[in-house]
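Student: Got a predicted model here, sequence first, then my questions.
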Amino acid sequence: MSGIIHIFKTQGNDILNSIGQHISISLVSLLIAAVIAIPLAILLMRHKRAAEFILNVTSVLQTIPSLALLGILIPLVGIGTVPSVIALVVYAVMPIFQNTYSGLTTIDPNLEEAAEAFGLSRSKKLLKIEIPLAMPMIISGLRIAMVMIIGTATLAALIGAGGLGTYILLGIETNNNSLLIVGAVLSAILALIFSALIRGISKLSLRKIGIILATLVVLVGGVAGYRVIAQPKTTITIAGKMGSEPEILINMYKDLIEQDNPNIKVTTKANFGGTSFLYKALKSGSIDIYPEFTGTVLESLVKTKKGATHDPEATYELAKKLLKSQEDLEYLKPMKYENGYAWWLRRVSLRNII
């Protein structure tokens, strides 16, 4: 418990920033999914075969592992918020579409006939009868999707989008249960809060719900647009893996580059995901530099029958040569820094060892 309290005291601002990132990613994803799924369900409510086809497609998309989907999206749309939102929308469309379609197609036929008998047009019948009666199912779908989005959004940290997943992944990476608990508990609290808010919204009239949704769309769109306009154009983007060590290295690169080239703007993306995500981001041009160990290059990133040797210079030269010939990537000169391996064990008596 003391470790958790210490994290809140020393990283309070960072935690608030991560919560803001998590909420913004989740809300944007939910709004986009709702804008896609609800009108599509309304359009197909009288076309059963087409609706079943769409439902099957969205169900298949949900079976794609989230890590695999993020890996596929990196070469196509880069890193950060965009691929995270796309992945979350893919997962959120199915429950919203399914619940909306079920709500609209299970209305008592007698009510439908009564509406037609009173001469209501198709649009008025939809707005006055069908959508209000289907609203509990629609809201249920939105709640399911929101909880799913908030939980899955923790993986956005793997591709540099931030959020509370940063603390979960850091906790796993550094074997720090306090960090892991902070990220997991805050994510769960967010899911409960937004589930309750959506349930509260369901008690409002259809007009008020429309006003709230329109306001959210304007606010989210305005904030996103402002960030795009206000964010300075960066020339060099440096990313690093999870943990404090890569973060120190990327900031060293940043300081060195800005020291030699004051006019160049450098941005850093700390606590990125694993090696494969960073490597794909580098190859796609989403990032420009990331520090990598020569042994990892030879073992994981290039094709070679030779492994790392005990000679650092020979290992570096081989890694540099293969990166250039196979991927057309430049391996920069190594820093005056080396990370070797050592054994660590508790103090025990010689008799126990023998």
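Tutor: Done, it's in.

Student: Going by C-alpha atoms from here, please, whenever you check contacts or count neighbours.
Tutor: Noted.

Student: Could you give the average pLDDT over stretch 58-70?
Tutor: Summarised as a single mean, pLDDT over stretch 58-70 is 83.

Student: C-alpha coordinates for that stretch, CSV please?
Tutor: Output in CSV follows, covering the C-alpha atoms of stretch 58-70 (Å, rounded to 0.1, in the frame of the first residue of the first chain):
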residue,chain,number,x,y,z
THR,A,58,-18.1,-7.9,-37.0
SER,A,59,-18.0,-11.1,-34.9
VAL,A,60,-15.1,-12.4,-37.0
LEU,A,61,-13.2,-9.1,-36.5
GLN,A,62,-13.7,-9.5,-32.7
THR,A,63,-11.8,-12.8,-32.8
ILE,A,64,-8.6,-11.1,-34.1
PRO,A,65,-6.2,-10.8,-31.2
SER,A,66,-5.7,-7.1,-30.2
LEU,A,67,-1.9,-7.4,-30.4
ALA,A,68,-2.1,-8.8,-33.9
LEU,A,69,-4.5,-6.1,-35.0
LEU,A,70,-2.2,-3.4,-33.7
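
Student: For that stretch, list every residue counted as buried.
Tutor: Judged by neighbour count using 16 or more other CA atoms under 10 Å, the buried positions of stretch 58-70 are 58, 59, 61, 62, 66, 69, 70.

Student: Among those, which lie within helices?
Tutor: When the buried residues of stretch 58-70 are checked against helices using DSSP state H, the ones located there are 58, 59, 61, 62, 66, 69, 70.

Student: How confident is the prediction for residue 348, by pLDDT?
Tutor: Among the per-residue scores, residue 348 shows a pLDDT of 57.

Student: Please read the previous query as pertaining to residue 9.
Tutor: According to the model's per-residue confidence, residue 9 sits at a pLDDT of 79.

Student: What is the neighbour count of it?
Tutor: The number of residues packed around residue 9, counting by other CA atoms under 10 Å, is 10.

Student: How is residue 267 assigned, secondary-structure-wise?
Tutor: With DSSP: H, G, I helix; E, B strand; the rest coil as the basis, residue 267 sits in strand.

Student: what does the one 5 residues further on give?
Tutor: For residue 272, the secondary structure call by three-state DSSP comes out as coil.

Student: One more: residue 332?
Tutor: Using three-state DSSP, the structure places residue 332 in coil.

Student: any idea how far it is from residue 323?
Tutor: Note on residue 332: its distance to residue 323, by CA to CA, to the nearest Å, is 11 Å.

Student: what do you get for residue 58?
Tutor: Counting by CA to CA, the gap from residue 58 to residue 323 is 39 Å.

Student: Show me what stretch 10-21 is in contact with.
Tutor: Outside stretch 10-21, the residues within contact range by CA atoms under 8 Å, 6 or more residues apart in numbering are 8, 161, 162, 163, 164, 166.

Student: residue contacts, the first one?
Tutor: By that I understand residue 8. By CA under 8 Å, 6+ apart, the contact list for residue 8 reads residue 15.

Student: Repeat that for the last one.
Tutor: Contact partners of residue 166, counting by CA under 8 Å, 6+ apart, are 18, 154, 157, 158, 183, 271.

Student: I'd like those written out as JSON lines, with neighbour count added.
Tutor: Shown next, in JSON lines, are the contacts of residue 166 (neighbours: other CA atoms under 10 Å):
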{"residue": "18", "neighbour count": "21"}
{"residue": "154", "neighbour count": "23"}
{"residue": "157", "neighbour count": "27"}
{"residue": "158", "neighbour count": "26"}
{"residue": "183", "neighbour count": "24"}
{"residue": "271", "neighbour count": "25"}
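
Student: What about those residues, which are in helices?
Tutor: When the contacts of residue 166 are checked against helices using DSSP H, the ones located there are 18, 183.

Student: between the contacts of residue 166, which is nearest residue 34?
Tutor: If you rank the contacts of residue 166 by distance to residue 34 using CA to CA, residue 154 comes first, at 20.5 Å.

Student: Run a quick check on that closest one versus residue 165, I expect a contact.
Tutor: Yes. A contact is recorded between residue 154 and residue 165 when judged using CA atoms under 8 Å, the distance being 3.7 Å.

Student: the helices in the stretch 51-200 of the chain, which residues?
Tutor: With helices called from DSSP state H, counting those that start in this stretch, the stretch 51-200 of the chain shows them at 66-77, 81-105, 109-117, 122-125, 131-152, 165-174, 177-201.

Student: For the ones you listed, give me CSV that also has distance to residue 281.
Tutor: Formatted as CSV, the helices of the stretch 51-200 of the chain follow (distance: least, CA to CA, whole Å):
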stretch, distance to residue 281
helix 66-77, 6
helix 81-105, 12
helix 109-117, 53
helix 122-125, 47
helix 131-152, 21
helix 165-174, 18
helix 177-201, 25
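
Student: Please identify the deepest-packed of those.
Tutor: helix 81-105 (a mean of 24; mean count of other CA atoms under 10 Å).

Student: Mind giving me the packing neighbours of it?
Tutor: For helix 81-105, the packing partners by 3 or more CA pairs under 8 Å, 6 or more residues apart in numbering; DSSP states H and E come out as helix 12-43, helix 48-62, helix 66-77, helix 131-152.

Student: Going by mean pLDDT, which of those comes out lowest?
Tutor: Per-stretch mean pLDDT for these is lowest at helix 66-77 (a mean of 81).

Student: Give the buried residues for the helix or strand harbouring residue 324.
Tutor: Here residue 324, judged by DSSP states H and E, is contained in helix 312-327. Neighbour counts using 16+ other CA under 10 Å place 315, 316, 318, 319, 320, 322, 323 of helix 312-327 among the buried residues.
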